[in-house]
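Let me see the structure of the following:
(one chain, ligands or ions: 1)
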Amino acid sequence: MFLSFLFTPWILLALPLLYFGLPYVRNWQIQDVPGPWLAKFTNLWYLYEARRCRRYLTVHNLHEKHGKLVRIQPNQVSIADPDAIPIVYGHGTGFLKSDYYDAFVSIQRGLFNTRDRAEHTRKRKTVSHTFSAKSVGQFEQYIHHNLEQLTSQWDSKSKQAQQNPRSGGYYRFDALHWFNYVAFDIIGDLAFGAPFGMLEKGADVAEVRLSPDAPPTSAPAIEVLNRRGEVSNAIGTMSWIKPYAKYLPDPFFYKGIEAVKNLAGIAIARVNERLAAAERGEIQRVDLLARLMEGKDEGGNQLGREELTAEALTQLIAGSDTTSNTSCALLYHCLMHPEVVKKLQAELDRALPSSDVPTYEQVKSLPYLDMVIQETLRIHSTSSQGLPRLVPPGAGVDLAGHHFPQGVVLSVPAYTMHHSKEIWGSDADEYRPERWEKVTERQKQAFIPFSYGPRSCVGRNVAEMELALIVATVFRRYEFELYQDHLETREGFLRKPLGLQVGMRKRQAA
Ligand code: HEM
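Numbering: from 1, shown residues only. Below is the predicted model:
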């Protein structure tokens, strides 16, 4: 009977009904949560939004329309409420990362994409002391060295422009490229033992090996990372499609999958070189890779080669364009507000006797510099989307006046938290570093640029040091003209600026 049904035309009607109906019925306890009609039945709506690379904005607009709760997948609800943050992301609440993160696995699971609690605790213990405020001081020398390389390049470009009567004294360029070069070279230096050489070449290029013994080729690392972030972010909405995504007739997918391979190849090439040099006894560095190589879990076990490569790759991915995108957005917002640049430069001129790359000690407690960075992290929100977490087995959870049973995925959208007028006031969409002179408890609670709890950014201390040093160096030594009045962005896992056309010259005072 059943078999004969399978071979009738009715099956054509029954299959879509089952495919779209089952997720709806299975998640009946959230069917009253408002949201796009399609999102109740299928992940295809969310996949489409991720493919358009502006999902955070769609979700933000939906919150403006519907309020705190929006259903964005048959089993996922976005909650725009700061009270949900400690529950969804906090210690001891039992929420784990959802299957969205399976799309980001390459080589093997790393600190960022492992979903198992015990596995995460083991990995995090191995690296967390390396990132403590005390230990990251050891990394400053590598940041410093790369910033010196940046200033040497910018000085010579500024000189060229001054000798060219048609340039108006400013060197015209896309500042995003250079923020990318500096951030990649710094993380290359920290995570793999040597910079990629992008600052030196003024170009996006890195060595790739698809396996430890394969011949070396080269690839544009920044472009590869961007593609990889976008494709993984899209596949994460329906992670079961991962093995088939390369067959989809959209270059976004097959080029993205190629990028995932190339990115892993960059890590393989660099870790390879470093291990070989270590075997020859040539390494005397105190960088992240050295710390990863020494790191031991509770059982005293060190990371094997493959896990070491996966963790170095994790650091490269997590610690490169996060910083460069934020630096680029910071330059844009400051240049849109000349009064901010004036105040920042006055503070830097008072604190720094010369325009050489400063030490972290000299800049880490400058109040206005800090406010400018905080305000950029808020307004730009490089991690803009809600990071998805699973309601743990048990009785479920009550949030924002609704009950959510086990197995439902919840996320708190960072961009929406950072732009809420209810929390930040009517000027929430304006760039105003002075708001950080006095922040309320609710604002502090809603500010989550590095996320919150056990899965929050392990590299936050490195990021804060890097940002302070980059911003202090750039504004103390150079002045800029802005040639655009809007910062276009595109979202992969991160919200990335697409370019920043500026004119740059060395300051007279420098
Ligand atoms: C402005 C710079 C940065 C921002 C805004 C940022 C933001 C974040 C956020 C929001 C997460 C949570 C991701 C999730 O749960 O899906 C995260 C995790 C992480 N970040 Fe950062 N990050 C920055 C810089 C860095 C740097 C410089 C490093 C390393 C050198 C780093 C390493 C990591 C790692 C390894 C994780 C995964 C941690 C875990 O799951 O235990 N990040 N970061």
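
What segments of the stretch 151-300 of the chain are helices?
175-192, 198-201, 221-235, 251-279, 288-294 (DSSP state H, counting those that start in this stretch).

Would you format the ones you listed as CSV with mean neighbour count, mean pLDDT and distance to the ligand included?
Quick note: C-beta positions are derived from backbone N, CA and C, even for glycine. Formatted as CSV, the helices of the stretch 151-300 of the chain follow (neighbours: other CB atoms under 10 Å; pLDDT from 0 to 100; distance: least, CB to the nearest ligand atom, whole Å):
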stretch, mean neighbour count, mean pLDDT, distance to the ligand
helix 175-192, 26, 92, 6
helix 198-201, 18, 93, 17
helix 221-235, 24, 91, 11
helix 251-279, 20, 83, 13
helix 288-294, 20, 80, 7
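
Quick check: nearest residue in space to whichever residue of the chain sits closest to the ligand, chain neighbours excluded?
Going by CB to the nearest ligand atom, the ligand is nearest to Gly459 of the chain, at 2.2 Å. Of all residues not flanking Gly459 in the chain, Gly319 sits nearest, at 5.1 Å (CB to CB, 6 or more residues apart in numbering).

now swap in Ala278 and tell me
Met293 (7.2 Å).

pretty sure that neighbour contacts Ala277?
No - Met293 lies out of contact with Ala277 (CB atoms under 8 Å); the separation is 11.6 Å.

on that earlier part again, how about the helices of the stretch 151-300 of the chain, which one is nearest Pro86?
Among the helices of the stretch 151-300 of the chain, the nearest to Pro86 by CB to CB is helix 221-235 (25.4 Å).

so what secondary structure elements neighbour the closest one?
For helix 221-235, the packing partners by 3 or more CB pairs under 8 Å, 6 or more residues apart in numbering; DSSP states H and E come out as helix 44-51, helix 175-192, helix 251-279, helix 305-319, helix 321-336, strand 489-491.

The closest residue to Gln484 other than its chain neighbours bridge partners, please.
Of all residues not flanking Gln484 in the chain, Gln501 sits nearest, at 5.3 Å (CB to CB, 6+ apart). Note on Gln501: beta-bridge partners Asp174, judged by DSSP bridges.

Determine the number of other residues adjacent to Gln501.
13 (other CB atoms under 10 Å).

likewise Glu119?
Neighbours of Glu119 (other CB under 10 Å): 12.

List the contacts of it.
By CB atoms under 8 Å, 6 or more residues apart in numbering, Glu119 lies in contact with Arg109.

Next, count neighbours for the nearest residue to Tyr170 once chain neighbours are set aside.
Nearest residue to Tyr170 in three dimensions, chain neighbours excluded: Gly503, at 2.9 Å (CB to CB, 6+ apart). Neighbour count of Gly503, defined by other CB under 10 Å: 19.

and Gly503, what element?
According to DSSP states H and E, Gly503 maps onto strand 501-506.

Quick one: mean pLDDT over that strand.
In this model, strand 501-506 carries a mean pLDDT of 97.

go on, stretch 478-494?
For stretch 478-494, mean pLDDT is 96.

Could you check it against the ligand for contacts?
No - for a cut-off given as CB under 6 Å from any ligand atom, stretch 478-494 has no contacts with the ligand; the smallest distance is 7.6 Å.

would you turn the helices and strands packed on helix 221-235 into CSV with distance to Val224?
Listed next are those as CSV, based on distance: least, CB to CB, whole Å:
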stretch, distance to Val224
helix 44-51, 19
helix 175-192, 11
helix 251-279, 4
helix 305-319, 10
helix 321-336, 11
strand 489-491, 15
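
Quick check: closest non-adjacent residue to Ala351.
Per CB to CB, 6+ apart, closest to Ala351 is Leu366, 5.7 Å.

Count the residues that sit near the one you found.
That count, for Leu366 with other CB under 10 Å as the rule, works out to 21.

Repeat that for Thr440.
Around Thr440 there are 11 residues (other CB under 10 Å).

Also Glu140?
16.

Surely it forms part of a strand?
No - under DSSP: H, G, I helix; E, B strand; the rest coil, Glu140 falls outside any strand and is assigned helix.

wait, doesn't it sit right on Glu464?
No - Glu140 is not in contact with Glu464 according to CB under 8 Å; the separation is 11.9 Å.

re the thing from before, packing partners for the strand holding Gly503?
helix 140-163, strand 171-174, helix 175-192, strand 478-482.

Gly67: which of those is closest?
helix 175-192 (35.6 Å).

Where does the prediction get shaky in the stretch 101-250 of the chain?
210-212 (pLDDT under 70).

Around the ligand, pick out the residues from it.
Residues of the stretch 101-250 of the chain lying near the ligand (CB under 6 Å from any ligand atom): 111-112, 124.

Return the subset of these lying in helices.
Secondary structure from DSSP state H places Arg124 of these in helices.

Turn the residues of the stretch 101-250 of the chain next to the ligand into JSON lines, columns for neighbour count.
Formatted as JSON lines, those follow (neighbours: other CB atoms under 10 Å):
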{"residue": "Leu111", "neighbour count": "21"}
{"residue": "Phe112", "neighbour count": "22"}
{"residue": "Arg124", "neighbour count": "16"}
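
Could you tell me how many residues sit around the closest residue to Ala269 other than its chain neighbours?
Excluding the flanking residues, the one nearest Ala269 by CB to CB, 6+ apart is Arg209, at 4.0 Å. The local packing of Arg209 (other CB under 10 Å) involves 20 other residues.

how close does Arg209 sit to Glu311?
Here Arg209 is placed at a distance of 18 Å from Glu311 (CB to CB, to the nearest Å).

Contacts only, for Arg432.
Arg432 touches Glu375, counting by CB under 8 Å, 6+ apart.

heads up, I number from 32, so please use that
Shifting the count to begin at 32 puts that one at Arg463.

Tell me the predicted confidence for it.
98.

roughly how far apart are it and Gln474?
From Arg463 to Gln474 the distance is 13 Å (CB to CB).

The closest residue to Glu497 other than its chain neighbours and Glu337, how far apart?
Excluding its sequence neighbours, the residue lying closest to Glu497 (CB to CB, 6+ apart) is Thr354, at 5.2 Å. Note on Thr354: its distance to Glu337, by CB to CB, is 27 Å.

Those two: which has the busier surroundings?
Between Thr354 and Glu337, Thr354 has the larger neighbour count (other CB under 10 Å), namely 25 against 13.

Hmm, that one is touching Asp216, no?
No - assessed by CB under 8 Å, Thr354 is found out of contact with Asp216, at 11.3 Å.

For Val101, give me the backbone phi and psi.
phi -140, psi 130 (degrees, to the nearest 10).

Just give me the neighbour total for it.
Val101 has 27 nearby residues by other CB under 10 Å.

who's it bridged to?
Where Val101 sits in a bridge, its partners, by DSSP bridges, are Ser109.

Now do the contacts for it.
64-66, 90, 93-94, 108-109, 111.

Same list (the residues of the stretch 132-281 of the chain next to the ligand) but as JSON lines, adding distance to Asp516.
Output for those, formatted as JSON lines (distance: CB to CB, whole Å):
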{"residue": "Leu142", "distance to Asp516": "39"}
{"residue": "Phe143", "distance to Asp516": "35"}
{"residue": "Arg155", "distance to Asp516": "43"}
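
ok, back up a step: Asp429 is nearest to which of the helices and strands packed on helix 252-266?
Here helix 75-82 is closest among the helices and strands packed on helix 252-266 (CB to CB), at 24.5 Å.

Which of the residues in the closest one are classified as buried?
Neighbour-count burial for helix 75-82 flags 76-78, 80-82 (criterion: 16 or more other CB atoms under 10 Å).

Turn these into JSON lines, columns for pLDDT and distance to Val262.
Shown next, in JSON lines, are the buried residues of helix 75-82 (pLDDT from 0 to 100; distance: CB to CB, whole Å):
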{"residue": "Trp76", "pLDDT": "94", "distance to Val262": "18"}
{"residue": "Tyr77", "pLDDT": "94", "distance to Val262": "15"}
{"residue": "Leu78", "pLDDT": "94", "distance to Val262": "11"}
{"residue": "Glu80", "pLDDT": "94", "distance to Val262": "14"}
{"residue": "Ala81", "pLDDT": "94", "distance to Val262": "9"}
{"residue": "Arg82", "pLDDT": "94", "distance to Val262": "9"}
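
Great, nothing more from me.
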